[in-house]
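Participant: The sequence isn't on hand, but the structure is:
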C-alpha cells in the first residue's frame, strides 16, 4: 500500500490503454475471443478470417460510406467472462461500437448482458454485439435483446437440419446421444430428442447421457457403452479435445456408423482424425467449402489460404458478418448511430458469396441461412483443413434452415 | 459379464498409465519431500518429443529417444532449478514446480502451437487383437499394458535387487549417513529425478497417440496424479500401484454404468417431485454416475485424508 | 512444509503512531485521488479488478504467509461468496427488500465464512501437504459441482444480477463504474485494515508461531489446530467479501470464479508479491492485473512472460517483489541508499534492455513461425521492420548480447556498493 511508485507505474500503463482512443477514424470492430490459452487456435484462426474478410470484402473495395475502412481490433478474453467484460470496457473506451465474439456461449451470455446494461446506462456510447459462433438458443430466445445479432445458426436449428438428414436415412434405427455436461450439451440433447421424436418416432434413442466437460481423459468406457447399445448413429455436440477423444474412442473401438457432430473439423482436429474419421464423421455447418459453389467463394478461399497456409476457412459466417455489417452501415448512412445500423441489419436479406441468401430475422435477430451436412473425407476435397489432405465435403443441404422455427424472444426496442 | 471384462481391461490400461506417472512422482517425493507439480508436464513433453521424432525416425525411435531427452531435461531442472530453491524450504519448492508447469505449457504452445498433434500409434499395432462380445480390444492397448508392466517389474528389480537401488533406498531414509559413506547424494537425487521424469516421458510417448497430444494434456492429468499418490500413501511404490489401478477402475466403471441418483433416492424412500423443472433439487434428481465419475477420485482423496492422513500404504504423514 | 521462509514485519508494538498510520493515510488519499488522474472507464475497470484481487490476495496471504498453509482451492470461498451475493441481489430485487447495495459484501463474507467453517473443521487438523491436498480436493469438488448443480451455480453461463436494483443509496445509483470504484475502495481499505489488525491480534501472532514451529506453539498451551482454524475462517470471510465485490462490479459469476485456474493464479499473485510482508500481495495483485490486462493487449505470448517472471521470482527472490523492496530498508535506514543509485542505474538499465531484447527475439521467432505468409512486417517497440531480413535479427541479437555483457560486467560493482551501503559508517569494509 505504501508503494506509490508501483501505483504510478500502474497509472502510466493504464493511461496507455486509454490513450489509444485518440485516432478513431477507421470503423473499428472489437474482436473479443481467446488469443491465448487452450482455445487460442480457434480464436486466432477466427481473427485471421475477420482480418481477411475486412480487407478483401470492404477495404479493398473502397470501404463503406465515404471511404471509411474497417479495422479489426483484437482483444484476448482467455475465454473468461470476467476478462471479456474488462476487454469490452477497454474496447468501448477506445470508441469501438461493434463487438464480435463467438467462442463459448458462457462468454456470450456475459457480453450480451453487459452490452444491454451498458447501452441502457450509457446511451451516448452504445455498442452492437455481433455474435458469430455462440449457439446457445437462449441468446435469441429468453435472453435476446436488441443489440445482439447472431450470424450462426443456433443449436436448435442445426439439430433440426441434422435430424432432417438422419430422418431420410432408413438404416438408422437406434441413436445414441452423448454430450458435455453444460448448457450447450443439454440443449443439443434436448433438441435431438424432440426432433427425432417428431420426424422419426420409430427411431429408438438407446442412450442419452452427459459427461463432465474437459475432464474425461479416456473416452473408452463411453465408447464401450455406445457399442454395447448397438446404436446405428451417434449425435454429439462435443468440441475441442472432448470431440476428438470421443470420436477417436468410438471409432477405434469398433463403431462403424455415422457420428453426427457440430464441431468436428478444423483447429487440428481434421488432421488428427485423419483416416480414422473417414466415412464416420458428419458435421453441420453453413457456407459450403467443398465443392466450392461459386467462383467467388473459390477465389476467396484461395486468397485466404495463400495468405494463411496453416489457416482454415472453418467459420464461413465471418465473411457474412463483415459483409452484412458493411451493407447495414451503407444503408444507415452512419457508423456511429448503432441504433440505425441495427435497424438496417434487422430483416436484411444479404447475398452471400456462396450465391445464397442470408436473412436476419427481425423478431429475434437470428440469421437464417442454408445449412450443409458435411462428411469428413479425403475424396473430392478442393480445400482441405489443417493441410492434412482431409476436409469436409457437402453431402446434403437444407435451404434456409429454421426459417419458421419458433422464438420466445420478446424484444424491447429503444 | 462380457462388458465387465472389457471394462476391467480398459481400467487396467488407464490405471497402469497413471501408475507410470505416479511411480516417478512418488519416488521423487520420498527422496526430496516435494510434490512435483510439473510432473505431468514432463509427460506432455514426452508425447511432443516422441511426435517430433516419429516424424523423422518413426514411432519406435521416438519411444526410445524421447524419454531419454525428457529424463535429461528433468535432471537439468533438478540440478539448476530445484536444488537452488531447495534452500528456501518446501513451499517455494512446490511453488517452483507449479510455475515450471505453467512455463512448460507455454513453451510447448510456443513451439508446437495450440492445436492437436496428429500423433498416432504405429501401423504395426493398428489392428484389433481380439473382440469380446463385439467390443474391439486394439493391439495398442495390450502393448500399453505390457509396456507398463515391464517398467514396473524392472523398477522393482532395480530398487530391491541392485546396488544402485540399495543406495537410493538408503539415501531416501538417511541422506547424511549415505553421504558420510562416500556416496554422492546430490548425484543420486538428480538421477532419481531424471529417472522419475523419464518414466513420465515414457507414459507420454505411449499415451499421446490414444489420449491426444495437445497443450492441455498435462493439466488434464496433472492433479489426478497427485490424488493417486496421496491416496496410495506418499513414498510408497506399492501404494502408487494400488491407487492407480483403483482410480483407473473407479473412473472406468463409473463412466460405464448409468446409475441414476433418482433410482437411489427412490430406493431409499424419497418421492420424485412431479414437476422436476420447478424443484430446487432437480439437479440432484437428474444426477447420474457418469456425470460425477471423474471427480470421484477427489472425493476419495478428501475422505482418505480426513480419516487416514497417511494414505492407504504410507508410513508417514503426507 | 512448515519450514520458515517468511519473516514477519517487526513493527513496533502498542499504540498507533503517526509513522505506522502514515502508509494507510497516504494510500487512502492515493486511492481517492487516482480516478481524477485516470478518468477513462477502462482504467477504472482495471482498477476495480485490481482492488478486488488485492482483497482476495491479502485474504489468501492470511493463510500462506501468516499461517504457512498452502491452499490449492481457495477460489471457491471467493466464488461461493460471490454467487451468494448475486442470489441475494436477485432476491432483494424480486421482493424489493430495503438492502442497500454497499452492504452486500457482508453477505458474501458471511457465506465465505460459513463455507470456510465447514471445510476448515476437517481440513485444518493438519498443516502441510495434508491441508494442501484437502484444499485441492475440496476445490475440485466444488468447482465440478458448479456445472452439475445448475440451480445454484447457473451452469456454464453462470448467474447474473443487476446492481442498480432498488433505491438509490444517498443519491448514488451505481450506474457507472466510478461509483462502483468508490464502493470497492471503501471495502478495500476497510478489509485491508481489518486484516492488518487481525495479524496483530494474539490469534494472528500465534498463526505465525504455529507456522514456524507448531510443536513449540503447542507446548505454550495453544492448540495449533484451532489457531489454523481461526485463520482459515477469517481468510474465508475476506475471500467472501472479495467475491461480493466481484458480484457488484461484474454483475455475473460463472464457473471460472471457482476453478483451479483461479486458485492457481491467486497463489501466483501472492507469491509474486511476496508472502513475507503484509503489503506483498498488494503489489502482486497490481502487477499481475496489469500484466494480464495490459500486456495481453500487446502480445499473445504474455503468459510465457508471466510464467518466466514467476519462475525467476521463486528462484532468485523468494521474498517476492515486496522482499526486493524491503531488502533496501537497512541501507535506507543507514542513509546509504544514495550509494546504490548509480551502480543500479549502470546495471539494471542494461539488464532491462537485455530482457526486452530477449523478449523482442522471442516475438520475432514467434512471428516468423506463426505469422501469415506475406505478412513479413512486424512492429516492436514502435519500430516496424521486416522479420525475414537479416539486419533486424543482427541488431536485436547485438543489442541483447551487449546489454547482458554490460550487466555482467557491472554486477561486481553493485555487489560492492551493496556491501558498503549496508555496513555502518566507519566500519572496516
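Facilitator: Noted; the coordinates are in hand. No experiment lies behind these values; they were computed from the predicted model shown.
Participant: How many residues are close by the closest residue to chain A within chain B?
Facilitator: Going by CB to the nearest CB, chain A is nearest to residue B:115 of chain B, at 2.8 Å. Every residue, glycine included, has its C-beta placed from N, CA and C. Other residues lying near residue B:115 total 22 when counted by other CB atoms under 10 Å in any protein chain shown.
Participant: ditto for the one 10 residues further on
Facilitator: Neighbouring residues of residue B:125 were enumerated by other CB under 10 Å; the total is 17.
Participant: One more: residue A:129?
Facilitator: Here the count is done by other CB under 10 Å, and residue A:129 has 26 residues near it.
Participant: Could you point out the helix or strand that follows the lowest-mean-pLDDT helix or strand in chain A?
Facilitator: Within chain A, judged by mean pLDDT, DSSP states H and E, the helix or strand with the poorest mean is helix A:4-19; its value is a mean of 44. Per DSSP states H and E, the first helix or strand lying C-terminal to helix A:4-19 is strand A:27-33.
Participant: what's that following strand packed up against?
Facilitator: Helices and strands touching strand A:27-33, by 3 or more CB pairs under 8 Å, 6 or more residues apart in numbering or on different chains; DSSP states H and E, are helix A:40-53, strand A:70-76, helix A:81-93, strand A:98-101.
Participant: Any chance of TSV for the ones you listed, columns distance to chain C, mean pLDDT and mean neighbour count?
Facilitator: Output for the helices and strands packed on strand A:27-33, formatted as TSV (distance: least, CB to the nearest CB, whole Å; pLDDT from 0 to 100; neighbours: other CB atoms under 10 Å in any protein chain shown):
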stretch	distance to chain C	mean pLDDT	mean neighbour count
helix A:40-53	7	86	24
strand A:70-76	5	90	22
helix A:81-93	4	87	25
strand A:98-101	14	93	26
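Participant: tell me which element residue A:206 falls in.
Facilitator: Using DSSP H and E, residue A:206 falls within strand A:204-211.
Participant: and that strand, which strands flank it?
Facilitator: For strand A:204-211, the paired strands and their directions (DSSP bridges) read strand A:174-180 (parallel).
Participant: So for the strand it pairs with, mean pLDDT?
Facilitator: In this model, strand A:174-180 has a mean pLDDT of 91.
Participant: Check which residues of that strand are buried.
Facilitator: Residues of strand A:174-180 classed as buried under the neighbour-count rule (16 or more other CB atoms under 10 Å in any protein chain shown) are A:175, A:176, A:177, A:178, A:179, A:180.
Participant: still on that earlier bit, ok, which of the helices and strands packed on strand A:27-33 comes nearest residue B:237?
Facilitator: Closest approach to residue B:237 among those is made by helix A:40-53 (38.7 Å; CB to CB).
Participant: tilt between that closest one and strand A:27-33?
Facilitator: 160 degrees (axes from the mean of the first three to the mean of the last three CA atoms, to 10 degrees).
Participant: what about residue A:407, is that helix, strand or coil?
Facilitator: At residue A:407 the chain is in coil, as set by DSSP: H, G, I helix; E, B strand; the rest coil.
Participant: Just give the number of residues close to it.
Facilitator: Other residues lying near residue A:407 total 19 when counted by other CB under 10 Å.
Participant: quick one, what contacts the nearest residue to it once chain neighbours are set aside?
Facilitator: Nearest non-adjacent residue to residue A:407, counting by CB to CB, 6 or more residues apart in numbering or on different chains: residue A:364, 4.0 Å away. Counting by CB atoms under 8 Å, 6 or more residues apart in numbering or on different chains, residue A:364 touches A:140, A:141, A:144, A:407, A:409, A:411.
Participant: For residue A:364, pull up the helix or strand it's in.
Facilitator: Here residue A:364, judged by DSSP H and E, is contained in no helix and no strand.
Participant: tell me the centre residue of chain C?
Facilitator: residue C:285 (2.8 Å; CA atoms, centre = their mean).
Participant: If I follow the layout properly, that one ends up in contact with residue C:57?
Facilitator: Yes. Residue C:285 is within contact range of residue C:57, at 4.5 Å (criterion: CB atoms under 8 Å).
Participant: Touching both of these two, which residues are there?
Facilitator: Contact with both residue C:285 and residue C:57 is made by residues C:269, C:273, according to CB under 8 Å, 6+ apart.
Participant: Let me know the pLDDT of residue 248.
Facilitator: Here I'm looking at chain A. On the pLDDT scale, residue A:248 is placed at 86.
Participant: Oops, wrong one, chain B.
Facilitator: With respect to pLDDT, residue B:248 scores 91.
Participant: ok, it to chain C distance?
Facilitator: Applying CB to the nearest CB, to the nearest Å, the value for residue B:248 to chain C is 18 Å.
Participant: Could you report the neighbour count for the spatially closest residue to that residue that is not a sequence neighbour?
Facilitator: Using CB to CB, 6+ apart and skipping residues adjacent in sequence, the residue nearest residue B:248 is residue B:15, 2.5 Å away. Using other CB under 10 Å as the criterion, residue B:15 is surrounded by 25 other residues.
Participant: wait, what's in contact with residue B:15?
Facilitator: Applying CB under 8 Å, 6+ apart, the residues near residue B:15 are B:244, B:245, B:246, B:247, B:248, B:249.
Participant: Got the confidence number for it?
Facilitator: At residue B:15, the predicted lDDT confidence score is 91.
Participant: How about the backbone phi and psi for it?
Facilitator: Note on residue B:15: backbone dihedrals following degrees, to the nearest 10 are phi -60, psi -40.
Participant: measure it to residue B:232 for me?
Facilitator: Counting by CB to CB, to the nearest Å, the separation of residue B:15 from residue B:232 is 11 Å.
Participant: Also residue C:388?
Facilitator: For residue C:388, the distance to residue B:232 (CB to CB) stands at 54 Å.
Participant: between the two, who's got more neighbours?
Facilitator: Neighbours were counted for residue C:388 and for residue B:232 using other CB under 10 Å; residue B:232 has more, 28 against 12.
Participant: one step back: how about the buried residues of strand A:174-180 in JSON lines, adding distance to residue B:52?
Facilitator: JSON lines is the format used below for the buried residues of strand A:174-180 (distance: CB to CB, whole Å):
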{"residue": "A:175", "distance to residue B:52": "40"}
{"residue": "A:176", "distance to residue B:52": "37"}
{"residue": "A:177", "distance to residue B:52": "38"}
{"residue": "A:178", "distance to residue B:52": "33"}
{"residue": "A:179", "distance to residue B:52": "34"}
{"residue": "A:180", "distance to residue B:52": "31"}
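Participant: Return the member of these nearest to residue C:138.
Facilitator: Lowest distance from residue C:138 to these (CB to CB) belongs to residue A:180, with 23.5 Å.
Participant: Turn the helices and strands packed on strand A:27-33 into JSON lines, including distance to residue A:381.
Facilitator: Formatted as JSON lines, the helices and strands packed on strand A:27-33 follow (distance: least, CB to CB, whole Å):
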{"stretch": "helix A:40-53", "distance to residue A:381": "18"}
{"stretch": "strand A:70-76", "distance to residue A:381": "29"}
{"stretch": "helix A:81-93", "distance to residue A:381": "35"}
{"stretch": "strand A:98-101", "distance to residue A:381": "29"}
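Participant: out of the buried residues of strand A:174-180, who's nearest residue C:260?
Facilitator: Proximity of the buried residues of strand A:174-180 to residue C:260 (CB to CB) peaks at residue A:180, which lies at 17.9 Å.
Participant: Leaving out chain neighbours, which residue sits closest to the closest one?
Facilitator: On the basis of CB to CB, 6+ apart, the spatially nearest residue to residue A:180 that is not a chain neighbour turns out to be residue A:213, at 3.9 Å.
Participant: Tell me the secondary structure at the one you found.
Facilitator: With three-state DSSP as the basis, the three-state label of residue A:213 is coil.
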